[in-house]
Each structure stands twice: as structure tokens, then as C-alpha cells.
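1. give me the fold of what follows.
(2 chains)
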Amino acid sequence: MSAPVITANLLTKKYKEVAAVDGISFEVAPGESFGLLGPNGAGKSTTMRMVGAVSTRTSGDLSILGLDPNDHGPEVRSQLGVVPQQDNLDMELRVRDNLIVYGRYFGIPNKTAGKKADELLEFAQLSDRAKAKVDDLSGGMKRRLTIARSLMNEPRILLLDEPTTGLDPQARHILWDRLFRLKEQGTTLVLTTHYMDEAEQLCDRLVVVDKGTIMAEGAPAALIRQYSTREVVEVRFGSDRNAEVAERIRGIGERIEVLPDRILIYSENGEAELQKITEMGLEPITSLVRRSSLEDVFLRLTGRSLIE
Amino acid sequence: MTAPTTFAPTRPVQRRSTSLLGSLYAGNARSVMHRGLLATKSTNWLVVMSGFFEPIFYLLSMGIGLGALVGTVETSTGAHVPYAAFIAPALLAVAAMNGAIYDSTWNVFFKMQYAKLYEGMLSTSLGPLDVALGEISLALLRGALYAGGFLIVMQVLGLNLAWTALLALPAVLLIAFGFASLGMAITSYMKTFQQMDWINFVMLPMFLFSATFYPLTVYPEPIQWVIQVLPLWHGVELVRGLTTGALSVAMLGHVLYYVVMIAVGLVFTTKRLRALFLD
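-> Residues are numbered from 1 along each chain as shown, chains lettered A, B, ... in the order given. The predicted structure follows:
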């Protein structure tokens, strides 16, 4: 395997005495799609800022493409594409100019930047909006423009912080498709998300982060196998009855989690467990048998759900 | 459709010399300036033009109108000049100051607090000194534009009394650079609109009292000292010496004042941008 493009060792960031990132270590291989999965406030964005060479670490080691971002900020940043959590497009410039001007920040000559901009507008499916004002774009379009912008300097690593948060399902799928193309083509992607479906679709490997530390690491499918069962039964008996029913059905499945609004029963065969419940004379208001997801992994690891 | 080529695994990472400026400066301030010009062109060139006329109105009303009553005034070097020719160089310095201050205070404040513009710039290979220099140059350019126009108006009205008035052009560039640099430095520390109002609170009295409309000697000595500490007085004296042709060694001191002002502004702006966006 070729040398990692990112190596973090006991990476720590403290604000005053509070550790936002508390000694995390990971490596990202070239061409890999690597995810940081965790709830809001887990330290994902702070990690991304350190990797993006816009935040200096408190302690630990960090190497991006063989360089220490503390000492080589501009050089490291010249190799990165950054899609921040909140779009910071230039509202005073039109769509195409946003790309050209951004390219020039990297020292790309005007003419080259113009060609690249047209290419990327097509990739982002925004060619017909080249002259539009940024304000007139939809949320999904703005996001695609931000991604196009991040590719202007032909980055070796693309950092995406919560790329689809706040988008409607259709816009998310369009965006995923674009990111998937980049991945297929060999771009190294590092993304944070609190959506498990996003992590499952896009990440070859991920770390589950909570409270500034890494709880688990692996490929999505491997993590699910390791920390959860094949299937999950979700039953709802109404918020005042869930806890009481949970007591009565203890023993069904391999493990039971009681959430305020539903009971989760982990099992290799969900339908069979659901049948046992109905045979006990219990009638759930709703019931659902599904495959285990990263959400279940997170619940198992932290006792909390991802989206709170 | 295929994705464009974005991946270049074999491309070597360029290492610049690890000098002191290495992480602060990428030598690409012009891209920041280019952005500013493009944004001004597409959105607010009308606003830019409006600021140009303010000192001209002052010149016409006070210089021509009031000047008829005042007659001549004695400058700091002892020369007697018509009132309009006395205030015109001061208003020229003010034109440079205003242009520089508009861009480097309110516009910078907005870009910093609301548009998140610098955050975006600093996630590229630009360093904080590139951003500071680019934005300050833009403000300087606006100051120079106002002052250049004003200098032409002065020439047309016959208020340039000596050939050294030509040197007023580099002088106003220096003044605009000084105000742009210090203005951006101060703005970068401001967090609220209320704090921004303090800038206006300083600017107006400085404009009125910096020997703009009458000689400094009308004040008691302690007040003269206060005025001489503030930047505008140095600009007024410098430009007035050049347009009236009354040169003195003290003018070198005024130049030095602005050189220091530029340096201090650049250092603090760069430090502040780094603290805010590259913590």
C-alpha cells in the first residue's frame, strides 16, 4: 500500500481547558474515501479544520501529504479542496466568477481558471446558471457550486464537512452521485457526517467519533457486523407504554434498546422476533423490520442516537 | 458524462522556503484585489462614485462661498494664500482618507462578520498577509481615485499654486495607504455595529479640527498637541505644503508618520486575520 496522505497521531485541540478533539489517531490512504461519523459537537469539524490547515493543533502530530500544516499552511492548503459546513460562496460575484476568482486565489492564471470553471460548471450541472447570482440558486445548487469551487485547484484531497446537511432528499441524491463520480475517479475524500446512510454510501472506511475521541473504526459493513446484529425490529407502543412493554419482552432477540419513542430488538431474524411479540398478545402501534445500520452501531457504542 | 480530472497523485508538493513569512504570505495579494474590483464592478460602483463628491461640495461651499469673506490665510510656513487654496489641499487629504476608510472599515466589517469572505480566502493557499495587502490595496485605490479626481478639480479652479502639486499625487497615495491599513487593522478587532460607530465618532471631529479649515495656531497649545498626534493633520500639512509650494523639512516627518502607520496597520491586520481564521 502506498504511503498515507493524512496521518494523525494523538491529535488534540483544546479551547481554553475544553478539549474539542481529544487525542485521535487515524490514517487516510490515497484514493480512499474516509468518513468521520458522529453527532453534532463530537469534534468532527474541529478535526476537519486542523486537517484543512486552518486551525493549529494543541498537541499530537499531523501530517498532510508529508507536510506539517502548522509550518506549511499555504502549501498544504494548495493541495486541498474544502467544502465547509456552511456555504461561504462569494455573494457579490456571479456563479462562474465565483469559480474563477477562487482559482486565482491559488495562483491559477485567469485563462486557465476560465477553462477549468466551465468544465466544473458542467460537472456540477450548473452550466446554464453560469451568469446567475449566487443568491438566486437553490440550496442544492449552492452546495454543488461549493463543491465545484473546491475542485478548482485540482486538489489531491477533498474535505467535505457535512456535505448534504440541510438539503432535501432529491438534492442529496444528486450530490451523492457527483461525489461518487469523484470517488470512482480516485479522488481522496474525507467527509464528516451525522447521516449514517451518507456514510454507508460514500465511505470505504470510517471512524465513529464522540466527545472528541474515536469510539470505533472500520468499513461500514464490518462495523455493523461487529457492533450490531443483521436485523433490527422497531416497535412502538406509545411513549408511555414502551418502557413497560420492554420489561415484558426481555429475552426476545439478542439485545433490546429502549428509546423514548420506540423499542429496538436486535436479532439475526427480525420477522421471527416480531412474531414472538405478537404471539405474546402485544400489539405494537407500528412495527418495522430492517437491516442494521451505522445508527445502531452508534447507539451501541454511546447509548445515544446520532441525531438528537 | 465524466468527472473532470481532479486527481493528480504523482504531482509533487511544492515546498516554499520556510521563511518567517512562509505561512503568512503566498505572494498573491493581487488575486484578492482582482476579486474586489470584480465585485465592485458588478454591484456597487454607484456607491463608490457617491463618496467622490463629498469633499468637492465642501470645497465649493466653504472655499468659494466662505472664502469670499475670509480673504487670505497664513499657512504653517508663514505664506499667505487665498482661503480656497488653503482648504483645498486639506480636502484633498480628506478625499484620500474617506475613500480608504469606506472600504477598509464598513466593507471589511461586512465581509468579515457576515459574508465569511476571508474564511473562504484563507482556506485556499492565500495567507493572511495576502488578504490584508489585497484588501488594503483596494481601499487605497479608492482613496487614490477620489484624490486624483479632486486634484483635477483643484487644477481647474486654479488652486494648485506650485509645480510641486504634482507630488501631491504620491502623497495622497501614501495617505490613503496609511488610512486603509490602520482602518482595516482597527476594523478587524471590531465585533459589533456599536463598536463600528466609534470609528465615525473619531472621524468627524478629526476631519473638522485637523487644521482643515483654519490654521492650527488658533488652538491653545495642549489641543495643538492632540491634533498633531492624530493622522489627518500630518496628511493635511504634507499636501498643503506641496500644493502651495511652501516646502519644509517637517514634511519628511509627516511622510515617516504614514510609513509607520502603514506598517503598524499591516502587522496588526495580519495578526488578527490569523488569530480569527487560522487559530
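2. CA atoms for contacts and neighbours, from now on please.
-> Noted.
3. so where's the stretch 101-250 of chain B uncertain?
-> Filtered on pLDDT under 70, the stretch 101-250 of chain B yields no residues whatsoever.
4. and it, which residues reach chain A?
-> Contact residues (C-alpha under 8 Å from any C-alpha of the partner chain) of the stretch 101-250 of chain B with chain A: B:115, B:116, B:117, B:119, B:120, B:121, B:122, B:123, B:124, B:125, B:126, B:127.
5. run a quick neighbour tally on the second one.
-> With neighbours defined by other C-alpha atoms under 10 Å in any protein chain shown, the count for residue B:116 comes to 18.
6. wait, it touches residue A:88, no?
-> Yes. The pair residue B:116 / residue A:88 is scored as a contact, 5.8 Å apart, by C-alpha atoms under 8 Å.
7. can you list the residue ranges for helices in the stretch 101-250 of chain B?
-> Remark: helices assigned in the stretch 101-250 of chain B by DSSP state H, counting those that start in this stretch are B:108-113, B:117-121, B:128-156, B:168-188, B:193-209, B:221-229, B:231-244, B:250-277.
8. how about the strands in chain A?
-> A:6-15, A:18-28, A:33-37, A:59-64, A:80-83, A:157-161, A:188-193, A:205-210, A:213-218, A:231-236, A:255-258, A:263-267, A:286-291 (DSSP state E).
9. residues in contact with stretch B:166-181?
-> Under the criterion C-alpha atoms under 8 Å, 6 or more residues apart in numbering or on different chains, residues B:92-93, B:96-97, B:99-101, B:103-104, B:136-137, B:139-141, B:143-144, B:147-148, B:151, B:235, B:238-239, B:242-243, B:255, B:258-259, B:261-266, B:269 lie in contact with stretch B:166-181.
10. how far out from the middle of the chain is that stretch?
-> A distance of 7 Å separates the centroid of the chain from that of stretch B:166-181, by C-alpha atoms, centre = their mean, to the nearest Å.
11. may I see the buried residues of that stretch?
-> B:168-169, B:171-181 (16 or more other C-alpha atoms under 10 Å in any protein chain shown).
12. from those residues, pick the one nearest residue A:64.
-> Closest to residue A:64 out of the buried residues of stretch B:166-181 is residue B:181 (34.0 Å), distances taken as C-alpha to C-alpha.
13. state the distance from the closest one to residue A:236.
-> Counting by C-alpha to C-alpha, to the nearest Å, the separation of residue B:181 from residue A:236 is 64 Å.
14. same deal with residue A:122?
-> Separation of residue A:122 from residue A:236 (C-alpha to C-alpha): 47 Å.
15. centre of the chain to stretch B:170-189, how far?
-> Using C-alpha atoms, centre = their mean, the offset of stretch B:170-189 from its chain centre is 4 Å.
16. how about low-confidence regions in chain A?
-> For chain A, the ranges with pLDDT under 70 are A:1, A:305-308.
17. show me the domain layout of it.
-> A:6-218, A:229-291 (automatic domain parsing).
18. counting neighbours, what do you get for residue B:211?
-> When neighbours are defined as other C-alpha under 10 Å, residue B:211 has 26 of them.
19. just give the nearest non-adjacent residue to it, would you?
-> Ranked by C-alpha to C-alpha, 6 or more residues apart in numbering or on different chains and with sequence neighbours excluded, the top spatial neighbour of residue B:211 is residue B:233, at 6.5 Å.
20. ok, that neighbour - contacts?
-> Counting by C-alpha under 8 Å, 6+ apart, residue B:233 touches B:210, B:211, B:212, B:227.
21. do that again at 10 Å, thanks
-> Going by C-alpha atoms under 10 Å, 6 or more residues apart in numbering or on different chains, residue B:233 touches B:90, B:93-94, B:206-207, B:209-212, B:216, B:227, B:239, B:254.
22. what residues sit buried inside stretch B:247-262?
-> For stretch B:247-262, a neighbour-count test (16+ other C-alpha under 10 Å) marks B:247, B:251, B:254, B:255, B:257, B:258, B:259, B:261, B:262 as buried.
23. pick out the most distant pair among those.
-> B:247 and B:262 (23.4 Å).
24. got a list of what the closest residue to residue A:253 other than its chain neighbours touches?
-> Once flanking residues are discounted, residue A:253 sits nearest to residue A:267: 4.8 Å by C-alpha to C-alpha, 6+ apart. For residue A:267, the contact set (C-alpha under 10 Å, 6+ apart) comprises A:228-233, A:252-256, A:273, A:289, A:291-292.
25. just say which of the strands of chain A is most tucked in.
-> Most buried of the strands of chain A, by mean neighbour count (mean count of other C-alpha atoms under 10 Å in any protein chain shown): strand A:33-37, with a mean of 28.
26. okay, now the sheet partners of that strand, with direction.
-> Strand A:33-37 has the following sheet partners, assigned by DSSP bridges: strand A:188-193 (parallel), strand A:205-210 (parallel).
27. how about those in a markdown table, adding distance to residue B:160?
-> Compiled in a markdown table, the strands paired with strand A:33-37 are given as follows (distance: least, C-alpha to C-alpha, whole Å):
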| stretch | distance to residue B:160 |
| --- | --- |
| strand A:188-193 | 63 |
| strand A:205-210 | 70 |
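28. among these, which comes closest to residue B:201?
-> strand A:188-193 (45.7 Å).
29. you'd agree residue B:137 is up against residue B:31?
-> No. When contacts are counted by C-alpha atoms under 10 Å, residue B:137 is not listed as touching residue B:31 (11.3 Å).
30. which residues are common contacts for these two?
-> Common neighbours of residue B:137 and residue B:31, using C-alpha under 10 Å, 6+ apart, are residue B:131.
31. the residue nearest to residue A:253 bridge partners, please.
-> residue A:231.
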